[in-house]
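1. okay, predicted coordinates and the sequence, questions at the end:
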Amino acid sequence: MMEFMRTMAAGWVAKIFMGLLVLSFAVWGIADIFNGFGRGAVATIGDAEIDARDYQVELNKELNLLSNRLGQTLTPAQSASFGIPNQVLGRMIAEGTLDDLAIKYNVGLSREELAKRISAEPSFQALGRFDRSYMQQVLRSLGTTEDRYVISRAALEGRRQIGSGLAGLATAPKASLKIFHRFANEKRSADYLVLEESKLPEISEPTNTELESYYTDKKLAFRAPEYRTFELLKLEPGDIADASAVSDEEAKIVYETAANRFRNPEKRRVQQILFNSEEDAKAASDKIKDGASFDDILSERNITQEDADFGLLTKAELTDPAAAEAAFALDVNSVSDVVDGRFGKLLLRVTEIQPEASRPFEEVKDILKAEVAADRANGEVLDMFDSIEDERAGGATLKEIANKFNLKLRPVSSISNTGELKSEETVTDLPEQQKLLTAVFDSDVDLETDPIDIDNTGFAWFNVTDITPAQDRPLTEVKAKVIEAWKADKRSTQLTDLAAKLKADLDGGKSLIDIASEQGIEVSKATDITRQSQDSALPQTAIDQLFNGPAGYSATAAGEKSQILLKVTNVSAPIFNADGLENEALKQQLNQNAENDLLSQLVAGLQRDLGISINQPLLEHLIR
């Protein structure tokens, strides 16, 4: 069977498909394979089908993961631009292909071995041992069942066996390891100049003809986006909390049960003298007892008042327990006996005492009432949510609902999907702003939509009242911006042309020092730069150019409103030891890539024989 599989793994497949297979963890990854149930096939591989509901579950899972990473909910258009729908489908097709092969050749684990591996799964351990009830609880939280999980895990183990049989011992050749090692560790040095836009002559104003021509060519850059106007109704505990409804008696009960919260503990200003030996400390203590002052001892030891002062601290804030006990037993302006401190022998003096004090009820009652009201409101949000949804179901408008429940209805006028108003001000205080604006721009005028969750504390409803389509702005409206952009492009072009001319001079034999002198700037040096250097003054564009030629190679690179002119002065190849520990991670990565290449070829070969059919109308319906 292994010979057959190696025969099937002929030829190279597209890199993108390999990426999908690696991404899927179809063979080597965690068994993140909890699928749903449904009807209709979104794709078929030979006789095997990929159920539409299963695909929808996996697609939603990927979208949720990516949305969490990006911090915003992805729209269907955004998910398509990331290629998520195709990646998920490619992964499921790859899994289905290998599952078909495993069934055909009876590859898989025995029931006993499968049960053993499932029972060893860390996710199903409770108190250090497998717990079937806990496993069922975990599976329920993931929206699946024990039977479904066992079937999915069995398929995964079959794919792992196929992968191990075909590619388990695949290793990358030493020559490729050497190439990648040099790529990662080669160091280069260069001399370079930084040509800055700010040093260029002032750009003159454009003529009307130049301005109109530029505006015509760049009209899309000045186009007004689509704007939408909507009403927003928000429900959070703070929107319904009513501190005036909390009585003084209720607030006082909270005050008395949490008295320590409003207690300011005693504080003392402590000074310290640290001695090298107990004898020195005892001698100083005896001097004080004979009439010398603490200040006299400070002067003798050349210690200033500031250096001796610990500050005004509570007992808990003094990190030396022995010093804390001694200091808080002293009267003001008195000096301790010798204290056996954590870092040596000490003499302490207390120069100020702030007694313990509690803030009176009258001072904090408003705070307590607000907290009691907020706590009550937390429990009332869900009840009011149900009432609002009932009102909406009965046809009430958001304005009517706001009036009935004494909530604020916020109008939001002419806002883009990025939060910019027509006035060019940017709104940043909308609840769940990106999620809300995405939903607003997916909606239509007076179209009822589902409420939006606000950070697990509340809800928001909206109603779109007007849509202004995207449109070109006339030149008269954006003239200042067009002139600014025209000048910026002119400066960039002038700087690029200057860098190209100076590079030609450099290549023609003029030294970098002479060029720098003519431009009134200095030559800078970059040494021991690798491709991954993060602390270099050179931008990444210049670092990339640095590795594009041998010693003596010159190039230009764009910086932030600047151009870099550089010349490579030294190339240092790293010492290569194939068995060195520094190459272990790279070796493992290359071996994994070799395994993935073989698996990709196997899957591609199988799919050519089995044939793949995709239900495109159903797929487009699912990803909309």
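-> Nice, thanks for sending it over.

2. and stretch 547-559, average pLDDT?
-> Average pLDDT, stretch 547-559: 96.

3. got it, and stretch 105-123?
-> Averaged across stretch 105-123, the pLDDT comes to 92.

4. for that stretch, which outside residues touch it?
-> 1, 101-102, 124, 130, 135, 138, 149-150, 153-154, 157-158, 161-162, 165 (CB atoms under 8 Å, 6 or more residues apart in numbering). All C-beta spots, glycine's among them, are computed from the backbone N, C-alpha and C.

5. distance from the chain centre to that stretch, please.
-> 36 Å (CA atoms, centre = their mean, to the nearest Å).

6. can I see the domain layout of the chain?
-> Structural domains assigned to the chain are 2-173+584-623, 187-222+476-572, 227-243+372-468, 266-355, following automatic domain parsing.

7. in CSV: these, plus mean neighbour count.
-> Shown next, in CSV, are these (neighbours: other CB atoms under 10 Å):
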stretch, mean neighbour count
domain 2-173+584-623, 16
domain 187-222+476-572, 15
domain 227-243+372-468, 16
domain 266-355, 15
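
8. among these, which gets the worst mean confidence?
-> domain 2-173+584-623 (a mean of 77).

9. quick one: secondary structure of E325?
-> Secondary structure for E325, judged by DSSP: H, G, I helix; E, B strand; the rest coil, is helix.

10. I misspoke; the intended subject was V42.
-> Once three-state DSSP is applied, V42 turns out strand.

11. looking at the contacts of stretch 105-123, spot the one nearest K234.
-> Proximity of the contacts of stretch 105-123 to K234 (CB to CB) peaks at V138, which lies at 35.4 Å.

12. SS state for Q494?
-> Classified using three-state DSSP, Q494 is helix.

13. does it touch L200 like I think?
-> Yes. Counting by CB atoms under 8 Å, Q494 touches L200, with 5.7 Å between them.

14. what's the helix or strand for the residue nearest the centre of the chain?
-> Residue closest to the mean C-alpha point of the chain, counted by CA atoms, centre = their mean, is R69 at 5.6 Å. For R69, the element it lies in under DSSP states H and E is helix 52-70.

15. check which element follows that helix along the chain.
-> helix 76-81.

16. next helix or strand past that next one?
-> Per DSSP H and E, the first helix or strand lying C-terminal to helix 76-81 is helix 84-104.

17. now do that following helix: which elements does it pack against?
-> helix 15-24, strand 41-45, strand 48-51, helix 52-70, helix 146-167, helix 584-610, helix 616-623 (3 or more CB pairs under 8 Å, 6 or more residues apart in numbering; DSSP states H and E).

18. including distance to E306, could those go into TSV?
-> Compiled in TSV, the helices and strands packed on helix 84-104 are given as follows (distance: least, CB to CB, whole Å):
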stretch	distance to E306
helix 15-24	62
strand 41-45	75
strand 48-51	75
helix 52-70	50
helix 146-167	68
helix 584-610	52
helix 616-623	69
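
19. quick one: closest of these to E279.
-> Checking those against E279 by CB to CB gives helix 584-610 as the closest, at 57.8 Å.

20. now that closest one against helix 84-104, angle please.
-> 80 degrees (axes from the mean of the first three to the mean of the last three CA atoms, to 10 degrees).

21. packing partners of helix 584-610?
-> Secondary-structure packing of helix 584-610 (3+ CB pairs under 8 Å, 6+ apart): helix 2-8, helix 15-24, helix 84-104, helix 146-167, helix 174-185.

22. redo the ones you listed as JSON lines? Include distance to R111.
-> Output for the helices and strands packed on helix 584-610, formatted as JSON lines (distance: least, CB to CB, whole Å):
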{"stretch": "helix 2-8", "distance to R111": "24"}
{"stretch": "helix 15-24", "distance to R111": "26"}
{"stretch": "helix 84-104", "distance to R111": "15"}
{"stretch": "helix 146-167", "distance to R111": "9"}
{"stretch": "helix 174-185", "distance to R111": "42"}
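
23. so which of those helices is nearest V412?
-> Ranking these by their distance to V412 (criterion: CB to CB) puts helix 84-104 first, at 29.8 Å.

24. picking that back up, now distance to A258 too, for the domains of the chain, in JSON lines please.
-> Output for the domains of the chain, formatted as JSON lines (distance: least, CB to CB, whole Å):
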{"stretch": "domain 2-173+584-623", "distance to A258": "36"}
{"stretch": "domain 187-222+476-572", "distance to A258": "49"}
{"stretch": "domain 227-243+372-468", "distance to A258": "12"}
{"stretch": "domain 266-355", "distance to A258": "19"}
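
25. looking at the helices and strands packed on helix 84-104, spot the one closest to K234.
-> Here helix 52-70 is closest among the helices and strands packed on helix 84-104 (CB to CB), at 21.8 Å.

26. can you name every helix or strand that that closest one contacts?
-> strand 41-45, helix 84-104, helix 616-623.

27. so the shortest one versus helix 616-623, what angle?
-> If I follow you right, that is strand 41-45. Using the same axes, to 10 degrees: strand 41-45 against helix 616-623 is 130 degrees.

28. again, but for the second one
-> Taking the same axes, to 10 degrees, one finds that helix 84-104 is oriented at 120 degrees with respect to helix 616-623.

29. export helix 84-104 to PDB, keeping only CA atoms.
-> C-alpha atoms of helix 84-104 as PDB (Å, rounded to 0.1, in the frame of the first residue of the first chain):
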ATOM      1  CA  ILE A  84     -11.300  32.300   4.300                       C
ATOM      2  CA  PRO A  85     -14.200  30.500   2.500                       C
ATOM      3  CA  ASN A  86     -11.800  28.900   0.000                       C
ATOM      4  CA  GLN A  87      -9.300  28.000   2.700                       C
ATOM      5  CA  VAL A  88     -11.900  26.200   4.800                       C
ATOM      6  CA  LEU A  89     -13.300  24.400   1.800                       C
ATOM      7  CA  GLY A  90      -9.800  23.400   0.700                       C
ATOM      8  CA  ARG A  91      -9.000  22.100   4.100                       C
ATOM      9  CA  MET A  92     -12.200  20.000   4.200                       C
ATOM     10  CA  ILE A  93     -11.600  18.600   0.700                       C
ATOM     11  CA  ALA A  94      -8.100  17.600   1.800                       C
ATOM     12  CA  GLU A  95      -9.400  15.900   4.900                       C
ATOM     13  CA  GLY A  96     -12.100  14.200   2.900                       C
ATOM     14  CA  THR A  97      -9.600  12.900   0.300                       C
ATOM     15  CA  LEU A  98      -7.400  11.400   3.000                       C
ATOM     16  CA  ASP A  99     -10.400   9.900   4.800                       C
ATOM     17  CA  ASP A 100     -11.500   8.200   1.500                       C
ATOM     18  CA  LEU A 101      -8.000   6.700   1.200                       C
ATOM     19  CA  ALA A 102      -8.000   5.500   4.800                       C
ATOM     20  CA  ILE A 103     -11.400   3.800   4.400                       C
ATOM     21  CA  LYS A 104     -10.300   2.200   1.100                       C
END
